[in-house]
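Q: Need a 3D model of the sequence below.
(2 chains)
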Amino acid sequence: MAEKQLMQGNVAVAKGAIDAGCRYYFGYPITPQNDIPEYLSAALPAVGGVFVQAESELASINMVLGASAAGGLAMTSSSGPGISLMQEGLSYLAGSELPAVVVNITRSGPGLGGIAPTQGDYNQATKGGGHGDYRLIVLAPNSVQEMYDLAGEAFRLSYSYRNPAMILADAILGQMKEPVQLSIPVDPPGEGSWVLSGAKNRKPRLVKSLFLKDGEMTVHNLKLKEKYDQLKAKEVKVEVDCPPNCSLVLVSFGSCSRIVRTAVDRARKRGYPVGLVRPITLYPFPEAAVREAAENADRVLVVEMNTGQMVDDVKLACGNPGNVSFKGYPGGSVPTPEEIEAEIYGILEGGLQACQQ
Amino acid sequence: MSAIAEKKVFSTPQVLKDNVYHFCPGCHHGLVHRLAAEALDDYNLATSAVGVIGVGCGVFLYDYLAIDCCEAPHGRAPAVAAGIKRTNPGAFVFTYQGDGDLAAIGTSEIIHAANRGEQITVIFVNNSVYGMTGGQMAPTTLPGQKTTTTPAGRSPLNDGHPVNMAEIIAILPGTAYSARVSCHNLKGIRTARKAMHRAFQAQVEKRGFALIELLSACPTNWRMTPQQSLQRMEDEMIPAYPLGTYKDF
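A: The predicted structure is shown next:
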């Protein structure tokens, strides 16, 4: 068993990437994720890897594309505005079927926004901020341990499915420190069938996303869809904790789910049968788990640190969207457990009185 | 019977595929492809080369050269090439870019790739117009030149000025080689062949970033015959884009 370390979230995701075999990082500074490039600028060369500070996020993501085409396990990281600039590259990565991992330590927005914790990039991440008919694999850690573990998982999924993957976190997860159980590092995988290394003793290879001939693009789109269907069938990750006779199930992801967890535990101590569903993969979204939990509860409450984004997916998954309530905390206004408790008691019989007892 | 002594004086480069070019009559892309193919053969690079293809008429380079290729988003070829070269320093990595790709949407990527001294070779085809999209103004369009988006001719007051990339790239410390050549006549092509080899040699010898700018004709979008186009290159393009080696190692 490898050692346990007290570690900051941003460092954990970077360390997790290296331990998963990542050797190539290209990035551009932006708050609140700067600990990632700062850590990797020393840590990657130490393991024979490459760190390049690019001139922009446009360049970063395209250097990642090149590194991936050349067979390297490559990643970049950024925050909202920088991730927006990377959407072009993400679309090309998906279209060219290249693996890559992008970490988004989100800011609030739109525009330059603020740097306080927020979950306003859910739609951009899960609905494809770039052009074309593609999906991004999106993982949402809720602890520093998961920042470390899901970095490795993101590379596994990205490489297995030849599709870019994103780790969607925020400044809470990026900045806070928690103990992390490290894994035994693995070597980078062998050369993939797409790798451009010079056509020696084989036919020339081509990495492309342009399909102009009649019907070609349809074939390509359907091939990509097959991968997305496989992801939905095999790679959904979700944490479900619903008691029997659950009267209210809460759905929350990422850092917000930690606060919701505390509120749920307190409500249970007061005798309320309250459940929690925490999507870990935001794409593929845990539709079945959400549906089952919703069907077994009277009401559903979605809590997000935005004005309402994942709630749409919850409503789509539920048989009865009318049962779904939403409470949002946008712009960096992180809720307290007490505030969420009040929401719980407000929905359940007894209302706020129970909270004030 | 005595053998007849034969000396081969001309042949198709081995790396060049036997495909019919999709280019318009009088276009110089085919010629530039051939010059690149000759340099690939002469430096024995066909089995280590990775071509990074920008968006434009040159995007189908992989149909004509039997090497590994990667498409890049518009303007981003130098960043993609840098990613490939940093990951596999043993590969010979070049980009093939037009003027819109390199001198408009991709100025950030080309300047910084040169400034970092990325060990890549850039083949820059300057025909002063957007070809693939149908003849719009390019950053390299000359003052007064009529295009589909400058119907009255490019007005520097409204549309800005032509961009001289070979000179700009040459002043950056990371650049090992920068030259501008022309495809308009045999003398120009012979010079272009030497420059193409030199731009390849820079990377083979790990000297730094190398760029070759090739002035080229686009008769279709210039609304000219191929013959008129060659004359225009001599009369108008070369005075605005002086030929020469701006930096050498």
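Q: hang on, A:Thr158 packs against A:Gly152?
A: Quick fix: residue A:158 is Ser, not Thr. No. Counting by CB atoms under 8 Å, A:Ser158 stays clear of A:Gly152, with 10.7 Å between them. To be clear about C-beta, it is placed using only N, CA and C from the backbone, and glycine gets the same treatment.
Q: more crowded one of the two?
A: Higher neighbour count among A:Ser158 and A:Gly152: A:Ser158, with 26 against 21, using other CB atoms under 10 Å in any protein chain shown.
Q: contacting residues for the more buried one?
A: Neighbouring residues of A:Ser158 by CB atoms under 8 Å, 6 or more residues apart in numbering or on different chains: A:Pro99, A:Ala100, A:Val101, A:Ile137, A:Pro164, A:Ala165.
Q: Can stretch B:201-216 be said to contact chain A?
A: No. Using CB under 8 Å from any CB of the partner chain, stretch B:201-216 stays clear of chain A, with a minimum separation of 13.5 Å.
Q: For whatever residue of chain B ends up closest to chain A, give its distance to A:Ser84.
A: Residue nearest to chain A within chain B: B:Gly83 (2.4 Å; CB to the nearest CB). Distance of B:Gly83 to A:Ser84, given as CB to CB, to the nearest Å: 20 Å.
Q: Same check on A:Gly130?
A: For A:Gly130 relative to A:Ser84 (CB to CB), the value is 10 Å.
Q: Leaving out sequence neighbours, find the closest residue to whatever residue of the stretch 51-200 of chain A ends up closest to chain B.
A: Here the stretch 51-200 of chain A gets closest to chain B at one residue, A:Gly66, 2.4 Å apart by CB to the nearest CB. Once flanking residues are discounted, A:Gly66 sits nearest to B:Gly83: 2.4 Å by CB to CB, 6 or more residues apart in numbering or on different chains.
Q: which element is that neighbour on?
A: Element membership of B:Gly83, judged by DSSP states H and E, is helix B:77-87.
Q: chain center to that helix, what's the gap?
A: With CA atoms, centre = their mean, to the nearest Å as the basis, helix B:77-87 stands 17 Å off its chain's centre.
Q: Restricting to C-alpha, output it in PDB.
A: The C-alpha trace of helix B:77-87 is given here as PDB (Å, rounded to 0.1, in the frame of the first residue of the first chain):
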ATOM      1  CA  ALA B  77      -1.000  24.000 -36.600                       C
ATOM      2  CA  PRO B  78       2.100  25.400 -34.900                       C
ATOM      3  CA  ALA B  79       0.700  24.500 -31.500                       C
ATOM      4  CA  VAL B  80      -0.300  21.000 -32.600                       C
ATOM      5  CA  ALA B  81       3.100  20.500 -34.200                       C
ATOM      6  CA  ALA B  82       4.800  21.700 -31.000                       C
ATOM      7  CA  GLY B  83       2.800  19.100 -29.000                       C
ATOM      8  CA  ILE B  84       3.900  16.400 -31.400                       C
ATOM      9  CA  LYS B  85       7.500  17.400 -31.500                       C
ATOM     10  CA  ARG B  86       7.700  17.800 -27.700                       C
ATOM     11  CA  THR B  87       6.200  14.300 -27.300                       C
END
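Q: Next SSE downstream of that helix?
A: Next helix or strand after helix B:77-87 toward the C-terminus (DSSP H and E): strand B:92-98.
Q: roughly how far out does that next one sit from the chain middle?
A: With CA atoms, centre = their mean, you get 8 Å for strand B:92-98.
Q: I'd like to know which elements the helix or strand following it is packed against.
A: Sequence order places helix B:99-100 as the next helix or strand after strand B:92-98, per DSSP H and E. Applying 3 or more CB pairs under 8 Å, 6 or more residues apart in numbering or on different chains; DSSP states H and E, we find helix B:99-100 packed against strand B:121-126.
Q: Quick check: next helix or strand after the strand it packs on?
A: Heading C-terminal from strand B:121-126 (DSSP H and E), you reach helix B:156-159.
Q: mind checking the SS state of A:Phe155?
A: The local conformation at A:Phe155, judged by DSSP: H, G, I helix; E, B strand; the rest coil, is helix.
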